[in-house]
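S.K.: sequence first, predicted coordinates after that:
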There are 4 protein chains.
Amino acid sequence: MSISQRLRQDADPIWQGIIEHPFVVELYEGTLPMEKFKSYILQDYNYLVSLIEVLSIIASRATSLDAMREVVEILRLELDSELKGYEEFLKRLGCSRQEAMAIDPLPMNLSYTSFLLSTSSLKPYAESITSILPCFWSYAEIAAHHQGKLRGNGNRLLVEWAEVYLSEAYLDLVERVKRLVDEAGEGFPYERLLETFSMASRYEYTYWEAMYNMETWPL
Amino acid sequence: MSISQRLRQDADPIWQGIIEHPFVVELYEGTLPMEKFKSYILQDYNYLVSLIEVLSIIASRATSLDAMREVVEILRLELDSELKGYEEFLKRLGCSRQEAMAIDPLPMNLSYTSFLLSTSSLKPYAESITSILPCFWSYAEIAAHHQGKLRGNGNRLLVEWAEVYLSEAYLDLVERVKRLVDEAGEGFPYERLLETFSMASRYEYTYWEAMYNMETWPL
Amino acid sequence: MSISQRLRQDADPIWQGIIEHPFVVELYEGTLPMEKFKSYILQDYNYLVSLIEVLSIIASRATSLDAMREVVEILRLELDSELKGYEEFLKRLGCSRQEAMAIDPLPMNLSYTSFLLSTSSLKPYAESITSILPCFWSYAEIAAHHQGKLRGNGNRLLVEWAEVYLSEAYLDLVERVKRLVDEAGEGFPYERLLETFSMASRYEYTYWEAMYNMETWPL
Amino acid sequence: MSISQRLRQDADPIWQGIIEHPFVVELYEGTLPMEKFKSYILQDYNYLVSLIEVLSIIASRATSLDAMREVVEILRLELDSELKGYEEFLKRLGCSRQEAMAIDPLPMNLSYTSFLLSTSSLKPYAESITSILPCFWSYAEIAAHHQGKLRGNGNRLLVEWAEVYLSEAYLDLVERVKRLVDEAGEGFPYERLLETFSMASRYEYTYWEAMYNMETWPL
């Protein structure tokens, strides 16, 4: 079994929680209140901007030129596709990019991106590349699991958002990140990779939870 | 008004929440369940280890030799006094340092330290030094506000813990951090300092909240 | 005058030394011994790999999303054009990429890349982006100044190497870096930019000097 | 044999060059022109300030709390003894600290500190702590080798400078750095440690060379 598959398997209880999260289920069914979707897109746009920063840092820490090239390619694809896609969604939701970037990150958003930024800044490359795998991979697994619901989903915006993660381009992106983890994890203590993977997966779960409950700072 | 005083004033609503937090009140009154205190000390020991790391990073980013010397001095005082004090408490609570360090950080602990680590790694020195001010300062203000309660507090361990933050040595430490913020903030956009100070203050509050509710990862 | 033009003007004495350096003149005239050219290509390939790392770090420190996108685009262009071009030259010179990467950097090569890596890791974005401007820009100015000599240059390899820096694609790259410096330098102390620009320009000069004299470590 | 001893042995040809360097010999004999000594102290003061920065970065990357404490202790000792000693020498040479810090680092000084700063910022802790060993250790070995010459040295300033590196306090400092390298090197690819150790040793040599020849930037 590859390292990425083993990580996925060992974190399965957390991943079941992610995949069956009500935010995700309602989004695919089309019953998610648009107010929640809009708030999510605004938060997630900020998250993606931080993810781009994380990818730049990881690129600079890659332990081989080939790995660096590959991280840069992933970075470019994120900029050109997912981030541009979100800017399109923002427009359709009536928000400018400037408005979106001026929004304060919610607690779990700031916490998750801080975790990714501090990991990529301070930990070895193998842990850093592992820290971003749950984010890429879980969206693909969510999409594969719930795609059947999209037929009954009459909300055009939600369907278009979801379809991105079913596209061949996105699945290819996920495979690339997995491959980088498999290569970097070779000879690296598995326990530390699992700790990083589990933490990032927990942040994925708590992120959905926070979006569903629209959790703001208490003060 | 100095920059640090202005920050403190502008974040007053958050600070009122911190100072009057039930965890803090019960700790000073002596009614805090020891199970909660023990769990807090274990978490906070891990927090302090990360704070030491944060201080090292900040020292390396200081914009003058005098500021660097001062951050190193604060770092050394933290290592020699607060961290050693916690190691003493751990012993009295029946935990070894090894056990303490093996403990998984709770969500808000990991989130708060990730915020401090990513800020110190990636932001200008002025923002980094500001990010650690609420942690140092709020403990002194809590102690000053609640010290009257200590006379009625029969729990020796809680009283000894609290008295550290009333000591002249600790108050001097706080003054040093304030002075560094005042110096670094000169000519730096105040809004960005306030954003950092407010975020760190919010993390202080949510940290107490998490300790009080003994919030673990949901999965 | 734009900031980049002012920097160029204030560092003119160093730039004259770069432009008229015998390594450069002989390369354009076609009289450079191939042994020196081969040694240069091997060293410069290692330099370019470090430059890619520097660009990743700078991307992660960019102070706006637009600047970050632009640095990533420059990074991608470097990977896709200049670095690939060098890999082509390596092949024609009878070296594999593996051989090239196994070569020890000469003193001035390691020193120059260490300067760029430490600047991008530890200094503000404005200084970091300025540190890479001499490298990009001086190659274009060298090419513009000496292009007339290429007609009399019978060495195909040298001519092809030189023509890259006359191409519209390369000139566009230089303009992009200049624009980033002009934007980042706005409101930033000019003296610090000039110090960085001068140091990087001096390293450019000493790099040519070291290549010309094939300076190795004394021990 | 310990890792540090093995490194020292494998880099012996470079170390012989360091120990027998004319700058060092003349300094211990008392025949070094004071103009060279003054220029060296000014450069080396700037070097030490960067070394403090390097030590802060290394502290933040230490892989255990004990190692971090130890690096901080080394950092504090450097600040309190060697750096303060240099400030004393500066005074006796008629320079203020401000003048000293305003001086431009010579090429090999900037190159060496850039190498240490980029290594500590970007490489694993084991390589970073190894990178500073030659600097600490070679001064002790130079002192042990040449101490006999001090009796015939009538230059009070030179003798006092040299005696620091014969003191028990300094030798203890060197042992601490060696121990950190031995611990961090356990299980780490030796070849990479040797590469770092050799490069830093070469920089030590070229640094003495540059000081002896008072090498300035060519332009």
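M.R.: It's in.
S.K.: and the residue of chain A closest to chain D?
M.R.: For chain A and chain D, the shortest gap (CB to the nearest CB) falls at A:Pro124, measuring 6.6 Å. From N, CA and C alone the C-beta is placed, and that goes for glycine too.
S.K.: quick check, A:Ile52 in contact with A:Arg76.
M.R.: No - A:Ile52 is beyond contact range of A:Arg76, at 9.9 Å (criterion: CB atoms under 8 Å).
S.K.: among these two, which residue is more densely surrounded?
M.R.: A:Ile52 (22 against 18; other CB atoms under 10 Å in any protein chain shown).
S.K.: okay, and that one sits in which element?
M.R.: For A:Ile52, the element it lies in under DSSP states H and E is helix A:34-61.
S.K.: quick check: what element follows that helix along the chain?
M.R.: Toward the C-terminus from helix A:34-61 - assigned by DSSP H and E - lies helix A:65-77.
S.K.: near chain D at all, that following helix?
M.R.: No - applying CB under 8 Å from any CB of the partner chain, one finds helix A:65-77 separated from chain D by no less than 12.5 Å.
S.K.: that helix near chain C anywhere?
M.R.: Yes - remark: helix A:65-77 sits within contact range of chain C at A:Leu65, A:Met68, A:Arg69, A:Val71, A:Val72, A:Leu75, A:Arg76, by CB under 8 Å from any CB.
S.K.: which ones are touching A:Ser39?
M.R.: The neighbours of A:Ser39, taking CB atoms under 8 Å, 6 or more residues apart in numbering or on different chains as the test, are A:Met211, A:Met214.
S.K.: rerun at 7 Å
M.R.: A:Met214 (CB atoms under 7 Å, 6 or more residues apart in numbering or on different chains).
S.K.: how near is it to A:Met101?
M.R.: 15 Å (CB to CB, to the nearest Å).
S.K.: which element, helix or strand, includes the most centrally placed residue in chain A?
M.R.: Chain A has A:Cys135 as the residue nearest its centroid, 2.8 Å off, counting by CA atoms, centre = their mean. For A:Cys135, the host element (DSSP H and E) is helix A:133-146.
S.K.: pLDDT score for the residue of chain A closest to chain D?
M.R.: Turning to A:Pro124, the model gives it a pLDDT of 93.
S.K.: for the nearest residue to it once chain neighbours are set aside, give me phi and psi.
M.R.: Among residues not flanking A:Pro124 along the chain, D:Pro124 sits closest, at 6.6 Å (CB to CB, 6 or more residues apart in numbering or on different chains). Dihedral pair for D:Pro124: phi -60, psi 160, per degrees, to the nearest 10.
S.K.: so which bits of the helix or strand bottoming out on mean pLDDT in chain A are buried?
M.R.: Within chain A, no helix or strand scores below helix A:97-102, which has a mean of 89 by mean pLDDT, DSSP states H and E. By 16 or more other CB atoms under 10 Å in any protein chain shown, the buried positions in helix A:97-102 come out as A:Arg97, A:Ala100.
S.K.: do the same with stretch A:1-15
M.R.: A:Ile3, A:Ser4, A:Arg6, A:Leu7, A:Arg8, A:Asp10, A:Ala11, A:Ile14, A:Trp15.
S.K.: which stretches of chain A have low pLDDT?
M.R.: Nowhere does chain A drop to pLDDT under 70.
S.K.: residues contacting the residue of chain A found nearest chain B?
M.R.: The minimum distance from chain A to chain B, using CB to the nearest CB, falls at A:Ser111 (3.3 Å). By CB under 7 Å, 6+ apart, A:Ser111 lies in contact with B:Ser111, B:Ser114.
S.K.: sec struct for it, please.
M.R.: helix (DSSP: H, G, I helix; E, B strand; the rest coil).
S.K.: what is the burial count for A:Glu186?
M.R.: 9.
S.K.: excluding chain neighbours, give the residue nearest to it in space.
M.R.: Spatially, and ignoring its direct neighbours in sequence, A:Glu186 is nearest to A:Ile3 (7.5 Å; CB to CB, 6+ apart).
S.K.: could you do A:Leu173 as well?
M.R.: A:Leu77 (5.8 Å).
S.K.: is chain C within reach of stretch A:45-54?
M.R.: Yes - interface with chain C: stretch A:45-54 contributes A:Val49, A:Ile52, A:Glu53 (CB under 7 Å from any CB of the partner chain).
S.K.: and of the residues of helix A:65-77 next to chain C, the nearest to C:Asn213?
M.R.: Within these, proximity to C:Asn213 (CB to CB) peaks at A:Leu65, which comes in at 28.2 Å.
S.K.: count of neighbours near that closest one?
M.R.: Counted with other CB under 10 Å, residues neighbouring A:Leu65 total 16.
S.K.: ok, residues contacting the host helix or strand of A:Arg176?
M.R.: Element membership for A:Arg176, per DSSP H and E: helix A:168-185. With contacts defined as CB under 7 Å, 6+ apart, helix A:168-185 is touched by A:2-4, A:67, A:70-71, A:74, A:77, A:81, A:125-126, A:129-130, A:132-133, A:136-137, A:140, A:164, A:193.
S.K.: can you give me the distance of the residue nearest to A:Glu186 to A:Met199?
M.R.: Taking CB to CB, one finds A:Ile3 at 17 Å from A:Met199.
S.K.: same thing with A:Asp10?
M.R.: Remark: distance between A:Asp10 and A:Met199 (CB to CB) = 13 Å.
S.K.: for A:Val24, which non-adjacent residue is closest in space?
M.R.: Nearest residue to A:Val24 in three dimensions, chain neighbours excluded: A:Ile142, at 5.4 Å (CB to CB, 6+ apart).
S.K.: and stretch A:83-99, end to end?
M.R.: Taking CA to CA, to the nearest Å, the span from the opening residue of stretch A:83-99 to its closing residue is 15 Å.
S.K.: in that stretch, which residues are buried?
M.R.: A:Leu83, A:Tyr86, A:Phe89, A:Leu90, A:Cys95, A:Arg97.
S.K.: what sits up against it?
M.R.: A:Lys38, A:Ile41, A:Leu42, A:Asp44, A:Tyr45, A:Leu48, A:Ile52, A:Ala100, A:Leu157, A:Trp161, A:Val164.
S.K.: show the buried residues in the residues you listed.
M.R.: A:Lys38, A:Ile41, A:Leu42, A:Asp44, A:Tyr45, A:Leu48, A:Ile52, A:Ala100, A:Trp161, A:Val164.
S.K.: count of neighbours near the residue lying closest to A:Ile74 once chain neighbours are set aside?
M.R.: Leaving aside its sequence neighbours, A:Ile74 sits nearest to A:Arg176 (CB to CB, 6+ apart; 5.9 Å). By the measure other CB under 10 Å, the count of residues near A:Arg176 is 16.
S.K.: for chain C, see how far away A:Arg176 is.
M.R.: 15 Å (CB to the nearest CB, to the nearest Å).
S.K.: if we can go back for a sec, would you turn the residues of helix A:65-77 next to chain C into CSV with distance to A:Val25?
M.R.: What follows is those, written out as CSV (distance: CB to CB, whole Å):
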residue, distance to A:Val25
A:Leu65, 43
A:Met68, 39
A:Arg69, 38
A:Val71, 33
A:Val72, 36
A:Leu75, 31
A:Arg76, 33
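S.K.: farthest-separated two in those?
M.R.: Within the residues of helix A:65-77 next to chain C, A:Leu65 and A:Arg76 form the most distant pair, 16.3 Å apart (CB to CB).
S.K.: how about the residues of chain A by chain C?
M.R.: So chain A meets chain C at A:49, A:52-53, A:56-57, A:59-60, A:65, A:68-69, A:72, A:75-76, A:79, A:101 (CB under 7 Å from any CB).
S.K.: ok, and the most crowded of those?
M.R.: Busiest of the residues of chain A next to chain C [other CB under 10 Å] is A:Ala59, holding 28 neighbours.
S.K.: contacting residues for that residue?
M.R.: A:Met68, A:Val71, A:Val72, A:Leu75, C:Ser56.
S.K.: with A:Glu29 instead?
M.R.: For A:Glu29, counting by CB under 7 Å, 6+ apart, the contacting residues are A:Lys149, A:Gly152, A:Asn153.
S.K.: again, but for A:Leu122
M.R.: B:Leu117, B:Ser121.
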